[in-house]
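1. just a sequence and a predicted model for now, questions to come.
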Amino acid sequence: MPFIDIHTHKQADGEATIITNLYEDFESAASLSLCTLGIHPWYADRISFDALSKHAKQSNVIAIGECGLDKLATTTDWALQQTLFRQQILLANTLQKPLIIHCVRAYDEVLKTLEEENAQVPVIFHGFNKNIQLAERIWKKGYYTSFGMALFHEQSAVATVLENCPEERFFLETDNADISISKIYEKAAEIRKTNTDALILQLQKNFQAVFNI
Ligand SMILES: [Zn+2]
């Protein structure tokens, strides 16, 4: 299917290849076609690292995450968030699967931790909604940004980020927004002054470059 939704919590979509993210109930991964499993900073109490390592080995689990650091996630203390994030970077290295990053108000810490733990897999910052300076730091490290609903927010600087993003450094996603991925592609094509077909081809290339499937 032409459209690729790199990060969604839906489990099916008639018009797109979707990568479903699970942050609990990892057993259900077996019934999905492509998915990612991770311990989300908000929901660390729902799942153990052992459960993650066990289920993440399945071949339809194509990345680890979303995982990362979130300064607004008060349900999981900061030290535990850091420990879990480090463990998940090491797991991604061991399994040679990319990382999908959830990051809220902790970009310095996330970038530093990826370096300290020597992340050796592709790294995708999902739901990117920050400024061009930060995006450039991410791209310079060879990491990726994924864009979604924020592209529709008039006051957000993120449209400028997508406009200036190198073509091989980005993905598109719906996350938990009530919108179709084709609408996100349309908006992204408009911002980048290209057409949807060209975008479809580029994102298929990016997908093949990052995911080992
Ligand atoms: Zn999500």
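-> Happy to help now that I have it. Numbering: from 1, shown residues only.
2. just give me the longest helix of the protein.
-> Once the chain is assigned using DSSP state H, the helix that runs over the most residues is helix 78-95.
3. only C-alpha atoms, please: export that helix in PDB.
-> Extracted in PDB, the C-alpha atoms of helix 78-95 (Å, rounded to 0.1, in the frame of the first residue of the first chain):
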ATOM      1  CA  TRP A  78      13.000  10.400  36.600                       C
ATOM      2  CA  ALA A  79      15.600   7.900  37.700                       C
ATOM      3  CA  LEU A  80      13.400   5.000  36.600                       C
ATOM      4  CA  GLN A  81      12.700   6.700  33.300                       C
ATOM      5  CA  GLN A  82      16.400   6.900  32.700                       C
ATOM      6  CA  THR A  83      17.100   3.300  33.600                       C
ATOM      7  CA  LEU A  84      14.300   2.100  31.400                       C
ATOM      8  CA  PHE A  85      15.500   4.200  28.500                       C
ATOM      9  CA  ARG A  86      19.100   3.000  28.800                       C
ATOM     10  CA  GLN A  87      17.900  -0.600  28.900                       C
ATOM     11  CA  GLN A  88      15.800  -0.100  25.800                       C
ATOM     12  CA  ILE A  89      18.700   1.400  23.900                       C
ATOM     13  CA  LEU A  90      20.800  -1.600  24.700                       C
ATOM     14  CA  LEU A  91      18.000  -4.000  23.700                       C
ATOM     15  CA  ALA A  92      17.700  -2.200  20.400                       C
ATOM     16  CA  ASN A  93      21.400  -2.600  19.800                       C
ATOM     17  CA  THR A  94      21.300  -6.300  20.700                       C
ATOM     18  CA  LEU A  95      18.300  -7.000  18.400                       C
END
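4. and the helix or strand that it is followed by, what other elements does it pack with?
-> Next in sequence after helix 78-95, counting helices and strands by DSSP states H and E, comes strand 99-104. Under the contact criterion of 3 or more C-beta pairs under 8 Å, 6 or more residues apart in numbering; DSSP states H and E, strand 99-104 touches strand 61-70, helix 78-95, helix 107-116, strand 123-125. C-beta here means a position set from N, CA and C on the backbone, and glycine is covered the same way.
5. now render the ones you listed as JSON lines, adding mean pLDDT, mean neighbour count and distance to Thr174.
-> Compiled in JSON lines, the helices and strands packed on strand 99-104 are given as follows (pLDDT from 0 to 100; neighbours: other C-beta atoms under 10 Å; distance: least, C-beta to C-beta, whole Å):
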{"stretch": "strand 61-70", "mean pLDDT": "97", "mean neighbour count": "26", "distance to Thr174": "14"}
{"stretch": "helix 78-95", "mean pLDDT": "97", "mean neighbour count": "18", "distance to Thr174": "23"}
{"stretch": "helix 107-116", "mean pLDDT": "98", "mean neighbour count": "15", "distance to Thr174": "23"}
{"stretch": "strand 123-125", "mean pLDDT": "98", "mean neighbour count": "26", "distance to Thr174": "15"}
